[in-house]
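Engineer: got a predicted model here, sequence first, then my questions.
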Amino acid sequence: GESVGLHLPTLSVQEGDNSIINCAYSNSASDYFIWYKQESGKGPQFIIDIRSNMDKRQGQRVTVLLNKTVKHLSLQIAATQPGDSAVYFCAENLLNNAGNMLTFGGGTRLMVKP
Amino acid sequence: ETGVTQTPRHLVMGMTNKKSLKCEQHLGHNAMYWYKQSAKKPLELMFVYNFKEQTENNSVPSRFSPECPNSSHLFLHLHTLQPEDSALYLCASSQGQGNQPQHFGDGTRLSIL
């Protein structure tokens, strides 16, 4: 079946605009989702998470939307800044006895133009 | 500072060498993970340790050997690697069972000559 993501598309936005990064996930039984940001030379950094019993969660300048009907996740970044330039990964989690088994998408590169 | 420290940051080794990657987490977590990140592929889970016990081995070749002496430290022993093993190796930790985020280190960039 399809995996989460797989492609590495690029999203280019103007500084100050809002950004929307999309992700399709594969397993309808997944119950927890995370967005990560990875800057060059660093590991993935946790941004925001959402559980499957919610459809929206807001953080500081970020909002995650979950549509379980179509297995779609999105990350909205308000007033995008140059420091937001990075690769963004979504991950889905299927909890089992082994612990948190995250499956990652291929990522989206966000480029912010000054 | 992510709370997960990986050493070395860069490693170049020949195919016949033996080396080890080290990960230490200062977050009080119970679960630790090894991932491989290579170009054009999603992050691949390699190993999972929960309370020092290996709970998952994601079909990883035996030339990669993990070790978890306690819940704060994780090693990845490398032996007779192949050029296709060149990648960024990432360590992560989480608060064990339950839906909790994994926190990543900055990785070891491994190059096999």
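Structural biologist: Received the coordinates, thanks. Quick caveat, the model's predicted, so the values are computed rather than measured. Numbering: from 1, shown residues only, chains lettered A, B, ... in the order given.

Engineer: okay, buried residues for stretch A:29-45 please.
Structural biologist: Within stretch A:29-45, the residues that qualify as buried by neighbour count (16 or more other C-beta atoms under 10 Å in any protein chain shown) are A:30, A:32-38, A:43-44. From N, CA and C alone the C-beta is placed, and that goes for glycine too.

Engineer: tabulate the residues you listed (TSV), appending pLDDT and secondary structure.
Structural biologist: TSV is the format used below for those (pLDDT from 0 to 100; DSSP: H, G, I helix; E, B strand; the rest coil):
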residue	pLDDT	secondary structure
A:S30	90	coil
A:Y32	93	strand
A:F33	95	strand
A:I34	96	strand
A:W35	97	strand
A:Y36	97	strand
A:K37	97	strand
A:Q38	96	strand
A:G43	96	coil
A:P44	96	coil
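
Engineer: chain B next: which of the residues you listed are close?
Structural biologist: When contact is defined as C-beta under 8 Å from any C-beta of the partner chain, the buried residues of stretch A:29-45 meet chain B at A:32, A:34, A:36, A:43-44.

Engineer: tell me which two of these sit farthest apart.
Structural biologist: Greatest spatial distance in those: A:Y32 and A:G43, 19.8 Å, computed using C-beta to C-beta.

Engineer: who in chain B is up against chain A?
Structural biologist: B:2, B:4, B:6, B:31, B:40-43, B:45, B:48, B:50, B:55-56, B:90, B:92, B:94, B:96-107.

Engineer: if we can go back for a sec, between the ones next to chain B among the buried residues of stretch A:29-45, which sits nearest A:Q14?
Structural biologist: Relative to A:Q14, and with distances defined as C-beta to C-beta, the nearest of those is A:Y36, at 23.8 Å.

Engineer: so the closest one is in contact with A:K42, correct?
Structural biologist: No - assessed by C-beta atoms under 8 Å, A:Y36 is found out of contact with A:K42, at 10.7 Å.

Engineer: what's B:E67 in contact with, if anything?
Structural biologist: Taking C-beta atoms under 8 Å, 6 or more residues apart in numbering or on different chains, we find B:E67 in contact with B:74-77.

Engineer: same thing with B:Q82?
Structural biologist: Contacts of B:Q82 (C-beta under 8 Å, 6+ apart): B:15, B:63, B:112.

Engineer: return the closest of those with respect to chain A.
Structural biologist: B:I112 (19.8 Å; C-beta to the nearest C-beta).

Engineer: mark which of the residues of chain B next to chain A are buried, thanks.
Structural biologist: Buried, going by 16+ other C-beta under 10 Å: B:2, B:4, B:6, B:31, B:42-43, B:45, B:48, B:50, B:56, B:90, B:92, B:94, B:97, B:99-107, out of those.

Engineer: among the helices and strands of chain B, which has the poorest mean pLDDT?
Structural biologist: The weakest-scoring helix or strand in chain B, judged by mean pLDDT, DSSP states H and E, is strand B:53-57 (a mean of 76).

Engineer: how confident was the prediction at the residue nearest to B:H29 when sequence neighbours are not counted?
Structural biologist: Of all residues not flanking B:H29 in the chain, B:S93 sits nearest, at 3.9 Å (C-beta to C-beta, 6 or more residues apart in numbering or on different chains). B:S93 is assigned a pLDDT of 95 by the prediction.

Engineer: relative to the whole chain's centre, how far out is the helix or strand containing B:S93?
Structural biologist: If you go by DSSP states H and E, B:S93 is part of strand B:87-94. Averaging C-alpha positions (C-alpha atoms, centre = their mean, to the nearest Å) puts strand B:87-94 5 Å from its chain's average.

Engineer: with that, I have no additional questions.
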